[in-house]
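In: Sequence first, then the predicted structure, then my questions.
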Amino acid sequence: MIPIAKPDVGEEEKKAVLEVMDSGMLAHGEWVRRFEGDFAEYIGTKESVATTSGTQALILALEALDVRGKEVIVPSFTFIASATSVIRAGGIPVFADVNDETFNIDPDDIRKKINDRTAAIMPVHLYGQSADMDEIMEVSEENDIPVIEDVCQAHGALWKNKKVGSIGRISAFSFYPTKNMTTGEGGMVTTDDPELAEKIRMMHNHGQAERYRHTELGWNFRMTNIAAAIGIQQLKKLDKNNEKREKNAKLYDELLIDHVITPFVDKRAHHVYHQYTIRTEKRDEIIGEFKKEGIGFGIYYPIAIHQQEIMKKLGYAAKLPVTERLVNEVLSLPVHPLITEEDVKKVAETIKKAL
């Protein structure tokens, strides 16, 4: 079996978790603060706040910018949390179409969707490649609308030698096990704004300015020391594992370029391949062969967010021609750092056989 994803968790993570358990300090504490500091330094931001999931990181970022009753422009070709987090924060998701090559949000469509009620723009750096942050930040500055980067799939990715998650006003990361790094479950908010960071620290800890004095409406979104201990070790491995992903992707490119549409890489971006996603009109044929050969795969995403039943019930309608075409063509292949060159060649040969 060649799995679509597998976390690179080893002795370092096990040792770190046992150290936390031996200390008796399992909840939020010293290891979380260390992880926050390490992550902020890695991304290049002044502030970093750890949470219990990427979704909660998004919710906190949105609540900190007070989007309640206002619109937030998001892509529909992404995981549903990018939109449901807006709704959870009291905002209204407005869906924009994506670029046909990068699959990231289309800045031209963002411009069309902006109005007096727009509170934020939330690009998703899909599959590990940065959205066009030059154009997006230009739209942001022209209209005085903050950008929330959804970096849940792009740990370590670059836009013009600047790490994503350090470009917009505030950003959110996920550490789910399929991501480029993991804490089991977990998330992180990054920003250069100390006031926003302090507000988020209070909101993710029951709104406490100090113990038992509550000045904000808050929740328990705190990361545990156990999760943070894993994250500290995972961050050390991130660049090396991203290099392995890129090596696997390059080999796929060489083997598949004449058979399917391989991922487009913007020359201004450094892609870290959370997913290696091809396009083909013969997806079902390939999937059939994958199942026979025990090869994992993913369709990210078979249904766009605006096409989901719950979104239709809630009245979030949209017409997005590029998005609606991509859902029928995309197929993600195993690209994680634990697969071998032989695995990559087997996947490629299976695709050729199916075609």
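Out: That came through fine. Numbering: from 1, shown residues only.
In: need the helix or strand of this structure with the lowest average pLDDT.
Out: strand 208-210 (a mean of 84; mean pLDDT, DSSP states H and E).
In: Touching, Ala348 and Leu255? I think so.
Out: Yes. Under the criterion of CB atoms under 8 Å, Ala348 makes contact with Leu255 at 3.8 Å. Placement of C-beta: from N, CA and C, glycine included.
In: that older thread, who touches the least confident helix or strand of the chain?
Out: Residues outside strand 208-210 that contact it (CB atoms under 8 Å, 6 or more residues apart in numbering) are Met202, His214, Thr215, Glu216, Gly218.
In: Serialize these to a markdown table and add fields for distance to Pro75 and secondary structure.
Out: Converted to a markdown table, the contacts of strand 208-210 look like this (distance: CB to CB, whole Å; DSSP: H, G, I helix; E, B strand; the rest coil):
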| residue | distance to Pro75 | secondary structure |
| --- | --- | --- |
| Met202 | 30 | helix |
| His214 | 35 | strand |
| Thr215 | 35 | coil |
| Glu216 | 30 | coil |
| Gly218 | 29 | coil |
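In: Write a PyMOL command that selects only the buried members of those.
Out: The buried residues among those can be selected in PyMOL (16 or more other CB atoms under 10 Å) with this line:
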select buried, resi 202+216+218
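In: Enumerate the helices of the protein by residue range, in sequence order.
Out: Using DSSP state H, the helices of the chain run over residues 11-23, 30-43, 54-64, 81-88, 107-113, 133-143, 194-203, 225-256, 283-293, 309-314, 321-326, 341-354.
In: would you turn these into a markdown table with distance to Val265 and mean pLDDT?
Out: Output for those, formatted as a markdown table (distance: least, CB to CB, whole Å; pLDDT from 0 to 100):
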| stretch | distance to Val265 | mean pLDDT |
| --- | --- | --- |
| helix 11-23 | 31 | 96 |
| helix 30-43 | 21 | 98 |
| helix 54-64 | 24 | 97 |
| helix 81-88 | 22 | 98 |
| helix 107-113 | 18 | 98 |
| helix 133-143 | 15 | 98 |
| helix 194-203 | 32 | 94 |
| helix 225-256 | 9 | 98 |
| helix 283-293 | 22 | 98 |
| helix 309-314 | 31 | 96 |
| helix 321-326 | 17 | 98 |
| helix 341-354 | 17 | 98 |
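In: Pick the one among the contacts of strand 208-210 closest to Glu285.
Out: Proximity of those to Glu285 was ranked by CB to CB; the top entry is Gly218 with 51.0 Å.
In: Nearest residue to the closest one in space, please, no chain neighbours.
Out: Gly207 (3.0 Å; CB to CB, 6 or more residues apart in numbering).
In: pretty sure the one you found is in contact with Asn220, am I right?
Out: No. In this structure, Gly207 is not within contact of Asn220 by CB under 8 Å, at 10.4 Å.
In: More neighbours: which of those two?
Out: Gly207 (15 against 10; other CB atoms under 10 Å).
In: and the more buried one, what does it touch?
Out: Taking CB under 8 Å, 6+ apart, one finds His214, Thr215, Glu216, Leu217, Gly218 in contact with Gly207.
In: quick one: the second one from Ile114, how far?
Out: Applying CB to CB, to the nearest Å, the value for Thr215 to Ile114 is 33 Å.
In: And the fourth one, by the same measure?
Out: With the distance defined as CB to CB, Leu217 ends up 29 Å from Ile114.
In: Who has more neighbours out of the two?
Out: Shown here are Leu217 and Ile114; by other CB under 10 Å, Ile114 has more neighbours (18 against 10).
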